[in-house]
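Peer 1: Provided below are the primary sequence and the corresponding predicted coordinates.
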Amino acid sequence: MEKRIIGIILTFLGIAGLIMGAMNFMNSTGATRSIKGIIIYSILGAIFFFAGIGLIRSTKDRPS
């Protein structure tokens, strides 16, 4: 059960990172600093999102 909760938290952090990357992309003017932020937020968001989903899917429910 604890792994599933950590997976949910990682998934939400990943979604937040992807949203921040998208917001930076939409509000950017093309500066180098903005591009670095977009890439960092997007990559970290994707890593957290897929790690969370993988953790949720691989955790088996056991009867209590």
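Peer 2: Cool, the structure landed.
Peer 1: packing partners for whichever helix or strand residue 8 is part of?
Peer 2: For residue 8, the element it lies in under DSSP states H and E is helix 2-27. Helix 2-27 sits against helix 32-58, with contacts defined as 3 or more C-beta pairs under 8 Å, 6 or more residues apart in numbering; DSSP states H and E. The way it works is simple: take the backbone N, C-alpha and C, and place the C-beta from them, glycine included.
Peer 1: residues contacting the one residue sitting closest to the centre of the chain?
Peer 2: Centroid-nearest residue in the chain, with C-alpha atoms, centre = their mean: residue 14, separated by 1.2 Å. Residue 14 sits next to 45, 46, 47, 48, 49, 50, 51, 52 when contact means C-beta atoms under 8 Å, 6 or more residues apart in numbering.
Peer 1: buried set for the helix holding residue 8?
Peer 2: 4, 7, 10, 11, 13, 14, 17, 18, 20, 21, 24 (16 or more other C-beta atoms under 10 Å).
Peer 1: can you redo the contacts of residue 14 as CSV with distance to residue 28?
Peer 2: As requested, the contacts of residue 14 are exported to CSV (distance: C-beta to C-beta, whole Å):
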residue, distance to residue 28
45, 16
46, 19
47, 22
48, 22
49, 22
50, 25
51, 27
52, 27
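Peer 1: which of those residues count as buried?
Peer 2: 45, 48, 49, 51, 52.
Peer 1: let me know the closest of the contacts of residue 14 to residue 36.
Peer 2: Minimum distance to residue 36 across the contacts of residue 14 is 14.5 Å, recorded for residue 45 (C-beta to C-beta).
Peer 1: list the contacts of that closest one.
Peer 2: By C-beta under 8 Å, 6+ apart, the neighbours of residue 45 are 13, 14, 15, 16, 17, 18, 19, 20, 21.
Peer 1: pLDDT weak spots in the chain?
Peer 2: 30, 63-64 (pLDDT under 70).
Peer 1: how about the residue nearest to the centre of the chain, nearest residue that isn't a chain neighbour?
Peer 2: In this structure, residue 14 finds its nearest non-sequential neighbour in residue 49, 2.7 Å apart by C-beta to C-beta, 6 or more residues apart in numbering.
Peer 1: for that neighbour, give me its contacts.
Peer 2: Neighbour list for residue 49: 10, 11, 13, 14, 15, 17, 18 [criterion: C-beta under 8 Å, 6+ apart].
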